[in-house]
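S.K.: The following block contains a protein sequence and its predicted model.
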Amino acid sequence: MTPFQVTIDFLLAVAQGKITGWSTVHVHGRNADVDDSGNPEDITGVGDTYAFPTVATVISAVSTDDTDTEAGSPGGGAEKIRYHGLDADWKPQTEDIALDGTTPVLGEKLFMRVNRSEVISGSDNAGEITGTVDGKIVSSIKAGVNISLDAAYSVADGHEAYLIEGQLSMNKAQTGGQAREADITIQARTFEGVFKSEQPISLMQDGTSVAPIPAKVPVQYVGKTDIRVRAEVANNNTDISAFLSFLLKDLSV
């Protein structure tokens, strides 16, 4: 009898942690209020412009609602936040910070970048929870969402990231009989470089409009590269979302 082989999809094997040195990361972003100001806005919950830190500092975490506290309160709220990011040497690290409502709480580790934050204990966050590094808000968890939605990502030193797919969408219908329009770009800059636009996409819609980003040949980003998604719109109050999937290669393995 001829032996047979059972093969497994490479991406599935990576997602299952079966391929040494490879991992996956999914970046989600949303800016529900992009305005026609003449200036592009970043697709994050932080606000118009996402400011990447220039100096590594500890994280300051705070909520807009006193219900979000590890001490506990009637009705519950978020108690502890986990921050995923890069240390002063651009190496991956995480830190858990217990909240104290509207009183800022300082972490203990130095962060140069924060790629994601999430609620890991308690209940749904009652207020907006922000994380600040180097005097800049680098993470925002909107009330009740429990995870940051910031389409801003930085590649760790000693790693490579490969964009394998993504999706950009405009989520609100026309107003006043005028269809909405948006020009959306993925931008990247290498260490000490400048942001360059990649894969510009234009959307026009009467309802929700979606643009997939298939990357049959993955786009490579080297270590210490910053990546962001920006949009320029023709209508105020335009709701833009972004989703990016990356393969990560640890070059030390």
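M.R.: Cool, got the structure.
S.K.: partner strands of the lowest-mean-pLDDT helix or strand in the chain, parallel or antiparallel?
M.R.: Least confident helix or strand, the chain: strand 196-205 with a mean of 83, by mean pLDDT, DSSP states H and E. Take DSSP bridges as the rule and strand 196-205 pairs in its sheet with strand 180-189 (antiparallel).
S.K.: Packing partners of the one helix or strand residue 166 maps to?
M.R.: Element membership for residue 166, per DSSP states H and E: strand 159-170. Secondary-structure packing of strand 159-170 (3 or more C-beta pairs under 8 Å, 6 or more residues apart in numbering; DSSP states H and E): strand 180-189, strand 196-205, strand 209-221, strand 238-250. (Each C-beta comes from the backbone N, C-alpha and C, glycine too.)
S.K.: so where's the protein shaky on pLDDT?
M.R.: The chain contains residues with pLDDT under 70 at 1-8, 72-75, 172-179, 206-208.
S.K.: Okay, domains of it per the record?
M.R.: What automatic domain parsing lists as the domains of the chain is 10-46+153-250, 60-145.
S.K.: If we go by neighbour counts, what in stretch 221-239 is buried?
M.R.: Under the neighbour-count criterion of 16 or more other C-beta atoms under 10 Å, stretch 221-239 has 221, 223-233, 235, 238-239 buried.
S.K.: Filter those residues down to the ones in strands?
M.R.: Of the buried residues of stretch 221-239, the ones assigned to strands by DSSP state E are 221, 226, 227, 228, 229, 230, 231, 232, 233, 238, 239.
S.K.: these two touch, right, the last one and residue 41?
M.R.: Going back to what we said before, that points to residue 239. No. If you go by C-beta atoms under 8 Å, residue 239 and residue 41 don't touch, sitting 11.5 Å apart.
S.K.: how about the nearest residue to residue 96, chain neighbours excluded?
M.R.: residue 82 (5.1 Å; C-beta to C-beta, 6 or more residues apart in numbering).
S.K.: doesn't that neighbour fall inside a helix?
M.R.: No. Residue 82 is assigned strand when assessed by DSSP: H, G, I helix; E, B strand; the rest coil, not a helix.
S.K.: OK, contacts around it?
M.R.: Shown in contact with residue 82 (C-beta atoms under 8 Å, 6 or more residues apart in numbering): 94, 95, 96, 117, 118, 120.
S.K.: Buried residues, the helix or strand where the second one lies. List them.
M.R.: So the one you mean is residue 95. Element membership for residue 95 (DSSP H and E) is strand 92-98. Residues of strand 92-98 classed as buried by neighbour count (16+ other C-beta under 10 Å): 92, 93, 95, 97.
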